[in-house]
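> Predicted model follows, preceded by the sequence.
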Amino acid sequence: MLDGMDKFGLTEDQKLMRDSLGKMIGRLLPPDVALRMDEAREFPEEAYQALARAGYMGLLYPEENGGLGASMEDFTFFIETVAYHNTQLASAYLTSVLYGGRHVQVAGTPELRDEILPGIIDGTRKMAFCLTEPDTGSDAASIKTRARADGDDFIIHGHKMYITCAHVADQLIVVTKTDPDSGHRGITMFVVDAKAPGVSITPMKTLGRRTIHANTVTFDSVRVPAYRMLGTINGGWGQLMLGLNLERICLSASAVGNMQRIVDYASGYARERVQFGHPVSSYQAVAHKLVDMQIMTDAGRGLTYRAARLLDADADCSQASAVAKIFTTEKNVQCADMGMQVMGGAGYSMDHMMQMFWRDSRVGPIGGGTNEILRNVIGKRMGLM
């Protein structure tokens, strides 16, 4: 297990992290429990709280905000390790810590940071990030959710969808238009109480990642105090862009963790499954599939950690993070499909984990900026567009 991660050359702290996470998540989310919770669409609360008790919720934040100030490489390794054991748990973690709390840590007032970050770190507060709308996804500058000033408050009206973990969130980061005619220059972000009057949240039924849910969120004249604005009015676009490289690296790490789990899971099955008197892993047609899956995983890991190291060095990693996100999420889908083929009917059965790996992988090329948009980003940097 985790052979690919062993070969990467881990620090002693990373080895300790890997071993402690493996024992903890393996105990709380063994395959039978993970499958049952996925079928029941049940949030992995016990495992989430275990991460908080172990101090992992503070990895990303600097020490002055109560965090641990981990390097980007260490944080990447953490996400890969959690995703290896359960990619849905990794996504639940990122939703609160990165998509929610990171915006508060970077752009919130000291009072807002003091109010929100301690709860994220100790696990008593969850967050969700509300950007996508029914008519706007990749074109974020065209969102229609409005926030208008009303005395010392703002009134928010609009509709969001595909919002991960909103159904369990305590606060929502809501991306709004405060100047409807100014494109990306009219965007402002707010922290909104998920239970505030006028907020309604409805879980959606999706193909995969069913324990963490996508949700629709409606804001019907929701009143928000002006001090819960993040950054400056009409300055939200810069805040959105600030975290993109970090987000892409984390999504890449999650995909790599899932890929390694798929390789290990399918390989274990192929060694045990006997056909014509031999384990199916001994047949070249099967062995080469598994080898190709490991090659994809190792290549994705290299791209991901290269981007993380660039970010740690405060170097431009925009292209590197886009390349890593495209490669890893697309190869994750391919790897899961090949794992299904290796396992045959067992892979297609709901009694095995492979079908869940396959379903969970498919959102990767869509979420966090579609891979088509990221190809445009790379093309522009190459001087092609």
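Perfect, thanks for sending it.

> Wait, a helix at residue 310?
Yes: residue state for residue 310 (DSSP: H, G, I helix; E, B strand; the rest coil) corresponds to a helix.

> Tell me, how many residues neighbour the residue nearest to it when sequence neighbours are not counted?
Spatially, and ignoring its direct neighbours in sequence, residue 310 is nearest to residue 317 (3.7 Å; Cβ to Cβ, 6 or more residues apart in numbering). Backbone N, C-alpha and C define where each C-beta goes, glycine included. A count of nearby residues for residue 317, using other Cβ atoms under 10 Å, gives 23.

> distance of residue 317 from residue 311?
5 Å (Cβ to Cβ, to the nearest Å).

> hey, what's in contact with both of these two?
When Cβ atoms under 8 Å, 6 or more residues apart in numbering defines a contact, the residues bordering residue 317 and residue 311 alike are 245, 249.

> quick one: buried residues of the helix or strand harbouring residue 261?
Here residue 261 is covered by helix 244-272, with elements defined by DSSP states H and E. When burial is assessed from 16 or more other Cβ atoms under 10 Å, helix 244-272 yields the following buried residues: 244-267, 269-270.

> what do you get for stretch 234-243?
235, 236, 237, 239, 240, 243.

> Mind pulling up the pLDDT for the residue nearest to residue 310?
Per-residue confidence at residue 317 stands at 94 (pLDDT).

> From residue 323, how far out is it?
In terms of Cβ to Cβ, residue 317 sits 10 Å off from residue 323.

> How about residue 42?
As it turns out, when the distance is counted by Cβ to Cβ, residue 42 lies 36 Å from residue 323.

> and what of residue 294?
Taking Cβ to Cβ, one finds residue 294 at 20 Å from residue 323.

> what do you get for residue 193?
The gap separating residue 193 from residue 323 is 39 Å, by Cβ to Cβ.

> Between those two, which is the more surrounded one?
Set side by side, residue 193 and residue 323 show more neighbours around residue 323, with 21 against 14, by other Cβ under 10 Å.

> Just the buried positions in the host helix or strand of the more buried one, please.
Assigned by DSSP H and E, residue 323 falls within helix 318-343. Buried residues in helix 318-343, defined by neighbour count with 16+ other Cβ under 10 Å: 318-333, 335-340, 342-343.

> domains of the chain?
3-125, 128-234, 240-381 (automatic domain parsing).

> what about residue 346, neighbour count?
15.

> got a list of what it touches?
269, 273, 352, 354.

> just residue 108 next, same as before
116, 191, 230.

> Now do the first one, the pLDDT please.
The model reports residue 116 with a pLDDT of 97.

> isn't it right next to residue 102, touching?
No: in this structure, residue 116 is not within contact of residue 102 by Cβ atoms under 8 Å, at 11.2 Å.

> Check which residues of stretch 138-146 are buried.
Buried residues in stretch 138-146 (16+ other Cβ under 10 Å): 140, 143, 145, 146.

> Stretch 110-124 too?
Result for stretch 110-124 [16+ other Cβ under 10 Å]: buried residues 112, 113, 115, 116, 117, 119, 120, 121, 123.

> CA atoms only: put it into PDB for me.
Taking Å, rounded to 0.1, in the frame of the first residue of the first chain, the C-alpha atoms of stretch 110-124 are listed here in PDB:
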ATOM      1  CA  PRO A 110      -8.800  40.500  12.100                       C
ATOM      2  CA  GLU A 111     -12.100  40.300  13.900                       C
ATOM      3  CA  LEU A 112     -13.600  38.000  11.300                       C
ATOM      4  CA  ARG A 113     -10.500  35.800  11.300                       C
ATOM      5  CA  ASP A 114     -10.700  35.600  15.100                       C
ATOM      6  CA  GLU A 115     -14.300  34.600  14.900                       C
ATOM      7  CA  ILE A 116     -14.100  32.000  12.200                       C
ATOM      8  CA  LEU A 117     -10.700  30.400  11.900                       C
ATOM      9  CA  PRO A 118     -10.500  28.800  15.400                       C
ATOM     10  CA  GLY A 119     -13.800  27.000  14.700                       C
ATOM     11  CA  ILE A 120     -12.500  25.600  11.400                       C
ATOM     12  CA  ILE A 121      -9.300  24.500  13.100                       C
ATOM     13  CA  ASP A 122     -11.000  22.700  16.000                       C
ATOM     14  CA  GLY A 123     -13.700  21.200  13.700                       C
ATOM     15  CA  THR A 124     -16.700  23.000  15.200                       C
END
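
> Now do the strands in the stretch 101-250 of the chain.
Along the stretch 101-250 of the chain, the stretches classed as strands by DSSP state E, counting those that start in this stretch are 127-130, 146-150, 153-160, 171-177, 187-193, 199-204, 214-225, 229-230.
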